[in-house]
Every structure is written in C-alpha cells, then in structure tokens.
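Asks: Next one to model:
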Amino acid sequence: MLKKITNIFVFFCLIIGITSCSNQDILDKNEREWLLQQDTISVAVYAYYPPYQFINKKDSIDGILVDHFGLIENKIGYRFRKKYYTNWSNLIEDAQNKKIDIVLEMQETAGREKYLNFYTKFFETPFVLVVKEEVDSTLKLNDFLDKRITVPKGYSIDDYLKQNYPDLNIKNYPDDITCLLKLQSGEADAYIGGKALVNYLIKSEGITGLKVITEIDYSYIPSIAVTKDNKILNEIIAKATRTITDEEKQEILDNWLFDVVKPFYKKPKFWIISSITFFAALASIILIHFYLKFKIKQRTKELQIAKDKAEESNRIKTNFIQNISHEIRTPMNGIMGFSELLKSGTITEEERQEYTKIIIESGKDLIHSVDNILEISVLETKQSKIRFTPTNLEELLLELISEYSSKANEKNLSIELDHKIPKEKSTIITDQPKLYKILSGLIDNGIKFTHTGSIIIFSYLVQDYVAISIKDTGIGIKPKDQDIIFKSFSQSEKEISKNFGGLGLGLAIAKQYTDLIGGNISFISKENEGSSFLLKIPYTPMQNNAELATKKKEK
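Replies: Below is the predicted model:
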C-alpha cells in the first residue's frame, strides 16, 4: 500500500517538475538582476474610473486593469509599489515631473507621448454623449455649441474636445461621477464619457433620468504608461505585456463585463484546491504511517526495557531472598550448634564461656538482619515517621565509637573521632534514632570492608548544616557499582556476600533515612584505596522547648 502511494506521489512530483520547467523566466539575466535590486518602482493608481479601476465595497482597489496589471506582476514575479491618487491632474503633473514610474491606466495622446511610452491597448470603447431623458435623441455634438458640456479635468477627452471643438462650453469637474451628478441636477446640459464607464456608473450608482444619445468620433483606449527615461523598465513591461495571451485578456473581460458561468471543473481554483487537498492527504497518510511506525518501535523498546527491568528486579529479589536465608541460617546454626554443646557436661569453663560468647554474637547478628529487613519494609511502604528530639552529637558519636571499638580491634583497625563542633553548639534538633542508624550503618560498612588501616570520623559545622564524614582505608567501591550502592538489594556480587556477609541494605536504609530528616549523603571512593562518606543534616541548635514543640507540631 505504502509503495503504491509513494509511486503516485513521485508521479505527481514529476508532472509538477515538468510543468515548472516549462514556465521559463521571460526576463533575461540582466533584467532579472536589475529588477531584484529595485524596491521603489512606483505605479500610479487613480481608482475613480470603473470598471477599469475603482474602490469596491470592501474599500480595496478593484477593476479590469487592476486584474490585468496583477497578471503582469505574476508574469515577471515582482510586486510594484502602488501610489494612489484622488486627483487626476496631480497624477498627470507627477508623471511629467518623473515622480512616478508607471501609470496603471492612461489614454495615449500626442502630448503625453513626449514623456511616456504606452503598452497594451487592452480594448477600445467609444466616448458617448449623455443627456437628460427629455432631450431629443437625434441631436449631435455640434448641436451643443451653446450648451454646458461637462468632462473631468485633465482627461484625454478634455484635451480632444478643446482641440477639435474649441467653441464648446466645457465645464470641468474632478471625476466622472461628479460630472454625471451635475448633469442630473441640471447644472450641466450634457456629459461626455467612455461608453463602458457610463453604463457601469449609471447602473452601480443608481443614477436615473439620463440617457446616451450618440457616440462621438473619439474612443477610449486605455494603456499602461511607462516613463521614457527608464529603458530597462520599458523593456520589462513590453516583454510582460507581449506574453499575455488573448485568452487571458478575454477571461479578465468576461469576469467584469459578462456573466460567464464555467463548469466548476474548468475553473483554476477547483484544480488548485483539489491539488492542495490531494497532496495534503497524501502527505498526511505518509506522515501518519511513519509516525505510527516510530511509535510502535518506541513502545516496543519501552516494553523491552520494562521487561528487562522486571527480570532484573526479580533476579535481585531472588538473590536477596537466598541471601536472607543464608544470613538467618548462619547465626541460627551457631546458636543451635553451640547451645547443644553447652548441654554437654564434658566441656571446660573456658570452652563454655567461648560458646556463650558465640551464641550472643550470633543472636546480635540475627537481630541486626531482622531489624534491617523490617526497616527497609517500613521505608518501602512510606510508613516511617520522624520524631525530632534534642540530640547531643558528641555523645552520639562517642557512643558509636564505643560500640564499634571491639569490632574494629578484632581486625586490628583503629577507629578515631575528630569532633570540631563546640560543646555549646553540639546539641541539635533531629531524629536521633534515625541519625544513629545512618551513622552505625556507615561505620559498620567501613569496618566490614577494611582489612588494614583505620576508620576516622570527622564532624564539623558548615553554615546551616552539620557535616559528618566517615573515612576508611578499605577495598573501595568499583566504578560500575557506584551508581547503585544506595538502591535496595544492590549487593549483587556473590563474592562480597560470601566474604563479608550482610544483606546489602545498610546504605539503602541510610540514604532513605537521610532524605527523611532533610539531609544529604554522598561519597567518593577509589577501588583498593578506600571510601569517604559525607553526611549533611540541617543544623537546628537546641534553644528552648517552645522551638522543639513547634517542630514536632510541623511534622
């Protein structure tokens, strides 16, 4: 289906391309370059001579010669700057003084030929004598020598009458409509104007009581006039007018002078709209096809990623469950095994103490594992609550040092505290159990993953937060694991579980607790050189009980 659509699209593109190639530029290279450099070529428009040029009901310029000049602009691919006139005498004066380049409509006369060239005698219409209805229809122009005849000032008919009928009593007015109204009102006895113009004005303006009685021996032949001084502009207009066919001229005349009804399928507008609709529909089908294809690929990729994540999550959870069973079974085996040995009556006092110690340590490990499982479950369900209480940081850190000293000594590690917070600022408002859990997890990891060296705890104030850093000289964190160490069940490497034990939840719990109390945790680590974890929590000094009550209320 898509292949057929593509073939149709290519076919139409070829047709358009062939058609476009056949429409060659009618101007030569020099003419085109000159025209592109011009932006002030002016065309004089006198919109008071319907149906040739006039202001329509929408207050825009319309008419036969306006359409004709628009065709010329299309032929040469250029839009001229229009200069509108309301007084014909002013237009003539500007043309003589070379203030305009082109006149849209003008009758050729001997006087005007001195400064203008004329092109495209579009059509010819005779001048007619218009009088009131009661006047004798057999009268001729010579019968009006003692009458008042009105014509627009500066028109070619005005020049013609003054030259050929010097005895006529001619009254000039600004335009043809004014002349007709003067005749209708009785201020003039006759009016002379172009036949097509007279018929159009009488009909469109609703002027009554007038009639045409005769034609005179002079016709109106409108042309496009171009100033003589501009040779290249004359050549361009001449070429453009020569390319206008008789069919194009007739179509313009038919649109204005006759009620010609063409079948809808013969109108250019029909084919333009049909072509645009067809190509728009074709383009839409192609775009929709590729869009759907893209969305299918995108969705397939998303589903594959989701599937991979789900499988990875299941694998991690399976490993975690297996690890849980190992972490619970190991201390339970120790408790059960050494408890059985204690029942034996053959052991020495020294052995009894050793067995008892192992049972106690195994019980602590078991409780630690169960606590971690319970804590991560509460955190995952978003049910953990925060309880702010006064907390002495120095005492808390010393307590942690005391708790983990024996564990560090067993591995010949030193554990040190560098507390730089003044005593008077050491008591803050925070969730003490959660802070204790965070720090104990970090210290426990430091001892667990360090074989030689030390664990150093730094504490200090920086602006509006407390900074606590735990630095070790352990095995460090591999680069590939550094993005996931704060995620639940992230201890996926079997060798770590085998060598060091644990559920891989300590850092996940520490991260979530840190977020709950409004802090931030980060680290830097280098494999085989050690790690340094930095905990930042808001510094809220203990001031009075009212402040503490307010914080509890807010939470």
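
Asks: What strands line up against the lengthiest strand in the chain, and which way round?
Replies: Criterion DSSP state E: the longest strand present in the chain is strand 210-220. Strand 210-220 has the following sheet partners, assigned by DSSP bridges: strand 125-132 (antiparallel).

Asks: neighbouring contacts of the following helix or strand past the strand it pairs with?
Replies: For strand 125-132, the following helix or strand on the C-terminal side (DSSP states H and E) is strand 148-152. With contacts defined as CB atoms under 8 Å, 6 or more residues apart in numbering, strand 148-152 is touched by 88, 157-158, 161, 168-176, 178-179, 182-183, 187-193. From N, CA and C alone the C-beta is placed, and that goes for glycine too.

Asks: mind running it again at 10 Å?
Replies: Under the criterion CB atoms under 10 Å, 6 or more residues apart in numbering, residues 48-49, 88-89, 127, 129-131, 141, 157-162, 165, 168-183, 186-193 lie in contact with strand 148-152.

Asks: buried set for the longest strand of the chain?
Replies: Buried residues in strand 210-220, counted by 16 or more other CB atoms under 10 Å: L210, V212, I213, I216, Y218, Y220.

Asks: circling back: please pick the buried ones from the contacts of strand 148-152.
Replies: Applying 16+ other CB under 10 Å to those flags 48-49, 88, 127, 129-131, 141, 157-161, 168, 170-171, 173, 175-177, 179-183, 188-193 as buried.

Asks: Hmm, K471 and L535 touching each other?
Replies: No. Here L535 does not reach K471: they are 11.9 Å apart, not a contact under CB atoms under 10 Å.

Asks: Now do the shared contacts for the two.
Replies: Common contacts of L535 and K471 (CB under 10 Å, 6+ apart): F523.

Asks: Contacts only, for the nearest residue to K211 once chain neighbours are set aside.
Replies: Ranked by CB to CB, 6 or more residues apart in numbering and with sequence neighbours excluded, the top spatial neighbour of K211 is E133, at 5.2 Å. Going by CB under 10 Å, 6+ apart, E133 touches T208, G209, L210, K211, I213.

Asks: per-residue confidence for E133?
Replies: Per-residue confidence (pLDDT) for E133: 95.

Asks: Same question for T86.
Replies: Value listed for T86 in the pLDDT field: 91.

Asks: Could I get the contacting residues of it?
Replies: Applying CB under 10 Å, 6+ apart, one finds that T86 lies in contact with Y46, A47, Y48, P174, D175.

Asks: Mind picking the lowest-pLDDT entry from those residues?
Replies: Pick the lowest pLDDT in these and you get Y48, at 84.

Asks: Now the closest residue to that residue other than its chain neighbours, what are its backbone angles?
Replies: For Y48, ignoring the flanking residues on the chain, the nearest one in space by CB to CB, 6+ apart is D175 at 4.6 Å. Here is the backbone geometry of D175 (degrees, to the nearest 10): phi -150, psi 180.

Asks: give the contact list for D175.
Replies: Y46, Y48, Y49, T86, N87, W88, P152, K153, Y155, L201.

Asks: The same query, at a cut-off of 8 Å, please.
Replies: Contacts of D175 (CB under 8 Å, 6+ apart): Y48, Y49, W88, P152.

Asks: can you check I328 too?
Replies: L366, S369, V370.

Asks: and it, what helix or strand is that in?
Replies: Per DSSP H and E: I328 is located in helix 268-343.

Asks: Quick one: distance of that helix to the chain centre.
Replies: The gap between where helix 268-343 is centred and where its chain is centred comes out at 31 Å by CA atoms, centre = their mean, to the nearest Å.

Asks: can you map out the helices along the stretch 101-250 of the chain?
Replies: 156-164, 176-185, 195-205, 231-242, 246-257 (DSSP state H, counting those that start in this stretch).

Asks: so how far is the strand or helix carrying S377 from its chain's centroid?
Replies: Following DSSP H and E, one finds S377 within helix 349-380. Put simply, helix 349-380 sits 62 Å off its chain's centre (CA atoms, centre = their mean).

Asks: Only alpha carbons, please: show whichever helix or strand comes after that helix as CSV.
Replies: Later in the chain than helix 349-380, the nearest helix or strand by DSSP H and E is strand 389-392. C-alpha atoms of strand 389-392 as CSV (Å, rounded to 0.1, in the frame of the first residue of the first chain):
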residue,chain,number,x,y,z
THR,A,389,14.3,15.3,69.8
PRO,A,390,17.3,17.1,71.3
THR,A,391,20.5,15.2,70.3
ASN,A,392,24.0,15.7,71.5
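
Asks: Packing partners of strand 389-392?
Replies: Judged by 3 or more CB pairs under 8 Å, 6 or more residues apart in numbering; DSSP states H and E, strand 389-392 is in contact with strand 427-430, helix 432-448.

Asks: Now render those as a markdown table, adding mean pLDDT and mean neighbour count.
Replies: Output for the helices and strands packed on strand 389-392, formatted as a markdown table (pLDDT from 0 to 100; neighbours: other CB atoms under 10 Å):
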| stretch | mean pLDDT | mean neighbour count |
| --- | --- | --- |
| strand 427-430 | 94 | 21 |
| helix 432-448 | 93 | 21 |
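
Asks: So which of these is nearest Q250?
Replies: Nearest to Q250 among the helices and strands packed on strand 389-392 is helix 432-448 (93.9 Å), distances taken as CB to CB.

Asks: what sits up against whichever helix or strand comes after the closest one?
Replies: Helices and strands here follow DSSP H and E; after helix 432-448, the next one along the chain is strand 454-462. The contact list for strand 454-462 (CB under 8 Å, 6+ apart) reads 393-394, 397, 400-401, 408, 413-421, 425, 443, 446-447, 466-473, 536, 539.

Asks: Which ChimeraX command selects the buried ones in those residues?
Replies: Applying 16+ other CB under 10 Å to the contacts of strand 454-462, the buried members can be selected in ChimeraX as follows:
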select :393,397,400,401,408,413,415,419,421,443,446,447,466,467,468,469,470,471,472,473,536,539
